[in-house]
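S.K.: this is a predicted model, with the sequence first.
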Amino acid sequence: MSGFESFVGVNPWTALFTFCNAIITFLVLKKFLFKPVKQMIDDRQAEIDAMYADAEAARRQARELEQQYQERLEGVKRESDAMLRQANARAQAREAELLAEARQQAAALRQRAEAQIAQEKKKAANELKAEIGGIAMQIASRVVEREVSEQDHRALIDAFIAHVGDAS
């Protein structure tokens, strides 16, 4: 059994040496493996945090830009509404202007037509008076069957015209 005891038995110096080896291995690993890995993990975490901060800043900036865009859009809408109102007002003013001008032209045309009608009426009345005067002279000369002098003829025409003028 001594061979078996030596194979299975625990030697305190071997245990102490194994324990010291484990501590030294742990310290070396801590110094050369754990610290760089920890540093790499911390750096990666800092990079991720920076990315999140950048993303949040970009999101904030996007919101601000969207708000500015909305404000500009509203400003453009207000401006276009104002321009439409102005154009509408100008169109209405022009319409009123054209309507007034058309009314003036119609009134002037009507006045000219009325003046022309009055002139034609006078001309027709004068022609009628002259024709009636001639007819009256023919009738009067036949009735009287005598010769009427130029002066008598004028007096008869003037009297007849005055009588016809009063009747019209």
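M.R.: Done, it's in.

S.K.: helices and strands around the host helix or strand of Ile157, which ones?
M.R.: If you go by DSSP states H and E, Ile157 is part of helix 150-167. Helix 150-167 sits against helix 35-144, with contacts defined as 3 or more CB pairs under 8 Å, 6 or more residues apart in numbering; DSSP states H and E. The C-beta positions use only the backbone N, C-alpha and C, and glycine is treated the same way.

S.K.: by how many degrees do the helix holding Ile157 and helix 35-144 diverge?
M.R.: 130 degrees (axes from the mean of the first three to the mean of the last three CA atoms, to 10 degrees).

S.K.: now helix 150-167, how far from the centre of its chain.
M.R.: 76 Å (CA atoms, centre = their mean, to the nearest Å).

S.K.: next: stretch 79-93.
M.R.: With CA atoms, centre = their mean, you get 8 Å for stretch 79-93.

S.K.: give me the number of residues near Gly133?
M.R.: 19 (other CB atoms under 10 Å).

S.K.: so that it lines up with my notes, have the first residue be 14 from now on.
M.R.: Let's use 14 as the start, then, which means that last one is Gly146.

S.K.: excluding sequence neighbours, find me the nearest residue to it.
M.R.: Leaving aside its sequence neighbours, Gly146 sits nearest to Ile170 (CB to CB, 6 or more residues apart in numbering; 4.2 Å).

S.K.: quick one: buried residues of the helix holding Ile170?
M.R.: By 16 or more other CB atoms under 10 Å, the buried positions in helix 163-180 come out as Leu169, Ile170, Phe173, Ile174.

S.K.: just the CA coordinates of that helix, formatted as CSV?
M.R.: Output in CSV follows, covering the C-alpha atoms of helix 163-180 (Å, rounded to 0.1, in the frame of the first residue of the first chain):
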residue,chain,number,x,y,z
GLU,A,163,-92.3,133.9,-104.3
GLN,A,164,-92.9,136.0,-101.2
ASP,A,165,-96.5,134.6,-100.8
HIS,A,166,-95.1,131.1,-101.3
ARG,A,167,-92.5,131.6,-98.5
ALA,A,168,-95.1,133.0,-96.2
LEU,A,169,-97.4,130.0,-96.8
ILE,A,170,-94.6,127.5,-96.3
ASP,A,171,-93.5,129.2,-93.1
ALA,A,172,-97.0,129.2,-91.7
PHE,A,173,-97.5,125.6,-92.7
ILE,A,174,-94.2,124.6,-91.2
ALA,A,175,-95.0,126.4,-88.0
HIS,A,176,-98.4,124.7,-87.8
VAL,A,177,-96.8,121.2,-88.5
GLY,A,178,-94.0,122.0,-86.0
ASP,A,179,-96.5,122.7,-83.3
ALA,A,180,-98.4,119.5,-84.1
